[in-house]
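Undergrad: I'd like to go over a predicted model; first the sequence, then the structure.
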Amino acid sequence: MPGYIEDRWMTKKPDPATGQKRKTQRWGQGKRYRVAGVSGVKDRSFDKLHGPEGANAWLAKAQHESAAGEFVDPRRGQMLLRDYIDQEWWPRLDYDNPSTEHTIRGRVWTHIVPHLGDYPLNAIKTPQLGEWLKTLKATAGPGTGNEAWRYLSSIFQAAIDDDRLGRNPCRRQTTLRVPAKPPAKARAWPKHQVLAVREAMDERFRLLVDLGVGAGLRSGEAFGLSLDDVDFEGGRLLVRRQVKKVGAQLAFALPKGEKTREVPVPDYLLKQIRESLDRRPAQWVTLPWKDPRPPQTDREAEEREPQAHQLVLVAARGGAIRRDGFDTRIWKPALAAAGVIPPPIETKQAMSHRPGFFRTVVKYQESREDGFHALRHTFASVQLDAREPIVAVSKWLGHADPSITLRIYAHMMPEADGRGRSAMQNWFEASS
């Protein structure tokens, strides 16, 4: 088997006169033993302290793993995790959806790099992961923690593909309690709660509640609804775009899953849209398509060409509605006023640029189940309670597959009323 150990402090051949090996000019300088000659394995030197035993063990391991095509040089795993993420892992990622890219970057640079980034790749073992998980559980929710764990695992897997690691420490983990993704159970609002929140909201934005509960639109889809998306004669809405936030900028894009759809709507909702437009006509808004970042190629420039749409609802000062601004200035104050969430906590915060002055910071309770999506859940519950087919409801919601709708809303479907039992009885009677 190829490979050998060289003692660089002594000559290879003995002195003909004495029969003893002689000291070389390197005697006492640098590492003494060098392992070389293994196919596909970079030479490695060992100092006197480790002696020939360390060199022999390394040679045997390198020969065995080289022959099996599994050799990973530990020196390649000494790269810091933050450097590997910055220089190799992140630049190779390619996401069509810039919002997804922004979310992943936020998770990695907020929850992984600050805590594990200064460790070499091959130094992150179960003890380091255990300490990181303690920090993660104290600073992030289970859903975010589960995502951060999955992203770290994918980083280690990429390092394996790059021959920097031999195994993924996140895989087959039996001693650590990994954050589990909390089960999502959609909860519909009762009618009185929908009406209370709507009444507590700024009048110019109440139509958003009607669009959410009356057509199942997501918030971004409601923000992106244009005048020509409303079919007054056919009694339907065409859901063809959304307004989404990419970093600090806005863009038009296809709805989630890149699926457009048609939703049949009641006369009541069409009436609310007409009245809203009578008070405030639709306004033209121009935004980049899909990605607001400067294009790097002609193709990107063509794909991101700005589009103009006559939006049914716009921000108080004009332009498309920003979801974060809507949540903090319109939605949560309405929830608090309607008694859905507690009143906000107000604190005074010193202003760094104006010594002696303070600003009031208002913080509302976080409640994912009481987000705008609750209106969409209410729409689904009403449709299912009316025994609309699950396939139709799935289509109106824009789900990729009816099984997704069933998984989310199965608990909202009405109980069986015995019709199947009667049909089975009739089948048996007819057979006897």
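TA: Happy to help now that I have it.

Undergrad: Phi and psi next, for Glu346.
TA: phi -110, psi 130 (degrees, to the nearest 10).

Undergrad: and it, what are its bridge partners?
TA: With DSSP bridges applied, the residues forming beta bridges to Glu346 are Val362.

Undergrad: can you count the residues close to Leu176?
TA: Using other Cβ atoms under 10 Å as the criterion, Leu176 is surrounded by 14 other residues. For glycine as for every other residue, the C-beta is placed from the backbone atoms N, C-alpha and C.

Undergrad: Might one say that it is in contact with Thr126?
TA: Yes - proximity of Leu176 to Thr126 meets the contact threshold set by Cβ atoms under 8 Å, at 6.5 Å.

Undergrad: now the strands for the stretch 301-432 of the chain?
TA: 307-311, 345-350, 358-363 (DSSP state E, counting those that start in this stretch).

Undergrad: for the stretch 101-250 of the chain, that is, sorry about that
TA: Taking DSSP E, counting those that start in this stretch, the strands of the stretch 101-250 of the chain run over residues 230-231, 236-239, 242-246, 249-253.

Undergrad: Figure out which of those strands is closest to Lys13.
TA: Using Cβ to Cβ as the criterion, the shortest distance between Lys13 and the strands of the stretch 101-250 of the chain is 69.3 Å, found for strand 242-246.

Undergrad: name the helices or strands packed onto the closest one?
TA: Counting contacts by 3 or more Cβ pairs under 8 Å, 6 or more residues apart in numbering; DSSP states H and E, strand 242-246 is packed against helix 98-111, helix 219-223, strand 249-253, helix 323-326.

Undergrad: repeat that for 10 Å
TA: Using 3 or more Cβ pairs under 10 Å, 6 or more residues apart in numbering; DSSP states H and E as the contact criterion, the neighbours of strand 242-246 among helices and strands are helix 98-111, helix 219-223, strand 249-253, strand 283-287, helix 323-326.

Undergrad: Let me know which of these is tucked in deepest.
TA: Here the criterion is mean neighbour count by mean count of other Cβ atoms under 10 Å, and of the helices and strands packed on strand 242-246 the winner is helix 219-223, at a mean of 25.

Undergrad: which helices and strands sit right next to that helix?
TA: The criterion is 3+ Cβ pairs under 10 Å, 6+ apart, and the helices and strands that helix 219-223 contacts are helix 206-215, strand 236-239, strand 242-246, strand 249-253, helix 323-326, helix 373-385.

Undergrad: from the chain's centre, how far out does the longest one sit?
TA: A distance of 25 Å separates the C-alpha centroid of helix 373-385 from that of its chain, computed with Cα atoms, centre = their mean, to the nearest Å.

Undergrad: now do the fifth one
TA: Remark: helix 323-326 is offset 19 Å from the chain centroid, using Cα atoms, centre = their mean.

Undergrad: so which of the helices and strands packed on helix 219-223 gets nearest Ile5?
TA: Across these, the minimum distance to Ile5, taken as Cβ to Cβ, is reached by strand 242-246, at 56.7 Å.

Undergrad: That closest one pairs with which strands?
TA: When pairing is defined by DSSP bridges, strand 242-246 lines up against strand 249-253 (antiparallel).

Undergrad: If we go by neighbour counts, what in the longest helix anywhere in the chain is buried?
TA: In the chain, assigned by DSSP state H, the helix with the most residues is helix 142-161. When burial is assessed from 16 or more other Cβ atoms under 10 Å, helix 142-161 yields the following buried residues: 144-149, 151-156, 158-160.

Undergrad: which helices and strands does it pack with?
TA: Other helices and strands packing on helix 142-161, by 3+ Cβ pairs under 10 Å, 6+ apart, are helix 81-84, helix 98-111, helix 113-116, helix 126-139.

Undergrad: how far off helix 142-161 does the second one point, in degrees?
TA: Same thing as helix 98-111. Interaxial angle of helix 98-111 relative to helix 142-161 (axes from the mean of the first three to the mean of the last three Cα atoms, to 10 degrees): 90 degrees.

Undergrad: looking only at pLDDT, what's the mean for helix 98-111?
TA: When pLDDT is averaged along helix 98-111, the result is 84.

Undergrad: starting at the chain centroid, how far to it?
TA: The gap between where helix 98-111 is centred and where its chain is centred comes out at 7 Å by Cα atoms, centre = their mean.

Undergrad: Run the angle between that helix and helix 126-139 for me.
TA: In terms of direction (the same axes, to 10 degrees), helix 98-111 departs from helix 126-139 by 110 degrees.

Undergrad: Pull helix 98-111 out as CSV, backbone CA atoms only.
TA: What follows is helix 98-111 as a C-alpha-only set of coordinates in CSV (Å, rounded to 0.1, in the frame of the first residue of the first chain):
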residue,chain,number,x,y,z
PRO,A,98,-35.1,37.1,-2.7
SER,A,99,-37.5,37.0,0.3
THR,A,100,-36.4,33.5,1.1
GLU,A,101,-32.8,34.5,0.7
HIS,A,102,-33.3,37.4,3.1
THR,A,103,-35.0,35.1,5.7
ILE,A,104,-32.2,32.5,5.6
ARG,A,105,-29.5,35.1,5.9
GLY,A,106,-31.3,36.6,8.9
ARG,A,107,-31.5,33.2,10.6
VAL,A,108,-27.8,32.3,9.9
TRP,A,109,-26.2,35.6,10.8
THR,A,110,-28.4,36.1,13.8
HIS,A,111,-28.6,32.7,15.4
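
Undergrad: quick one on the thing from earlier: right, and the helices and strands packed on helix 219-223 - which one's nearest Ile85?
TA: Taking Cβ to Cβ, strand 242-246 is the member of the helices and strands packed on helix 219-223 nearest to Ile85, at 21.1 Å.

Undergrad: returning to what we had before: could you pull up the mean pLDDT of the longest helix of the chain?
TA: Helix 142-161 shows an average pLDDT of 90 in the prediction.
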